[in-house]
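# Kindly generate the corresponding structure for this input.
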Amino acid sequence: MILLERLDKRLGGRLILDALELMVPKGRITVVMGGSGHGKSTILKLIMGFITPDAGRIVIDGVDVSTLNELQRLELQKAIGMSFQYSALFDSMSVYENVAFPLREHTKLKEPAIRERVAEMLARVGLPGTEAKMPADLSGGMKKRVGVARAIMLQPKIMLFDEPESGLDPVTTTAIGELIMELRDQFRITCLVISHNLANSMTIADKVCMLYKGRIIAEGTPRSLQENPNPILQQFLHGRSQGPY
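Take a look at the predicted model:
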C-alpha cells in the first residue's frame, strides 16, 4: 500500500533519512520504532505531503506521488487519515464539531446525515454520547479516540499514527492498541504506526521496522525481531544503556 524507495531528506542541513527503504503491506499494521531524532515523524510528514523528499520515490496505492498535480495530490490525501501525537483537536470546537469537520469540508452531506455519521463513529471508538463535550473536558485517551474518529470519517484506506501511546497510562495504551487492531480487522485499513512503546508495538504489529539514523536496519514479525541478533536492535529492545546504539 505504501512504498518508500531510496528516500533522502535533509532538514536544517542535517541528513534525516538516508536512502530509506520501507514497504507497508496492504491491510496490515506496520510499526516503525526507533529513538528520538532518527526520522520517524519525518516519514509521516513525507507520506502526508507536508514536506517533499530530496531524492527517492514515494508510491501510495500504486501511484507515484511525484507524478501527481496539486488536485490529484489532494484527492490522494483524502484516502489517508492521520492521528497526531497530541490529537490536534480544535480546542474551541465541541467533540461533535471536531468529528464533523472533515465531512463539512469535503462532502455535501446535509446536517442530519452528518449527525448520524458522527454518532456512529463516536460509538465505534467507545465514546457514545460525548458530542457536546469540549476537548478540555476529555482525558488524554478520550482525545486520542476523538482524533481517530475524525481521521476515519472520510473512510480512508490508510491510517497514520504518530506515537499514539504518548502521554497515556498503560490501560489506555492497551485500549488504543486494540482500537488500531479493530481498524485493521473491521475496516480493512492499512495502518502505519510510529512508536517507541515496545510492549504495545509487539502486541499490535503484523510487521515491525527498526529505524536507526535514517535507515531501516531490521524488519519482520515481532517474533523474528526478538530473535534478530543485530546488536543495535537488541540494545533498543532491552533498553540497555551500554552498547552500539
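
# alpha carbons only for contacts and neighbour counts from here, please
Will do.

# Confirm M159 sits in a strand?
Yes: checked against DSSP: H, G, I helix; E, B strand; the rest coil, M159 lies within a strand.

# wait, doesn't it sit right on I194?
No: under the criterion of CA atoms under 8 Å, M159 is not in contact with I194, lying 11.1 Å apart.

# Check the burial of P231 by counting its neighbours.
The criterion is other CA atoms under 10 Å. On that basis, P231 has 12 neighbouring residues.

# In terms of helices and strands, where is V148?
Here V148 sits within helix 140-151, counting by DSSP states H and E.

# list the helices and strands that helix packs on?
For helix 140-151, the contact count by 3 or more CA pairs under 8 Å, 6 or more residues apart in numbering; DSSP states H and E identifies strand 80-83, helix 95-106, helix 111-124, helix 170-187 as packing neighbours.

# try it again with 7 Å
On a contact count with 3 or more CA pairs under 7 Å, 6 or more residues apart in numbering; DSSP states H and E, helix 140-151 meets strand 80-83, helix 95-106.

# Domain boundaries for the protein, per the record?
1-79+157-245, 90-155 (automatic domain parsing).

# Could I have the CA atoms of the helix or strand bottoming out on mean pLDDT in the chain written out in CSV?
One helix or strand of the chain scores below all others by mean pLDDT, DSSP states H and E: helix 70-77, with a mean of 86. Once non-C-alpha atoms are left out, helix 70-77 reads as follows in CSV (Å, rounded to 0.1, in the frame of the first residue of the first chain):
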residue,chain,number,x,y,z
GLU,A,70,-1.9,19.5,-6.9
LEU,A,71,-5.5,18.5,-7.3
GLN,A,72,-4.6,14.8,-7.7
ARG,A,73,-2.4,15.0,-4.5
LEU,A,74,-5.3,16.5,-2.6
GLU,A,75,-7.5,13.6,-3.7
LEU,A,76,-4.9,11.1,-2.7
GLN,A,77,-4.5,12.8,0.8
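
# any idea how far the residue lying closest to G34 once chain neighbours are set aside lies from K143?
What sits nearest to G34 in space, not counting adjacent residues and going by CA to CA, 6 or more residues apart in numbering, is L211, at 5.1 Å. L211 sits at a distance of 28 Å from K143 (criterion: CA to CA, to the nearest Å).

# Also A119?
16 Å.

# what's the answer for A79, then?
When CA to CA is the yardstick, A79 and K143 sit 22 Å from each other.

# Of those two, which one has the most company?
Here A79 and K143 are compared on neighbour count by other CA under 10 Å; more neighbours surround K143, at 20 against 16.
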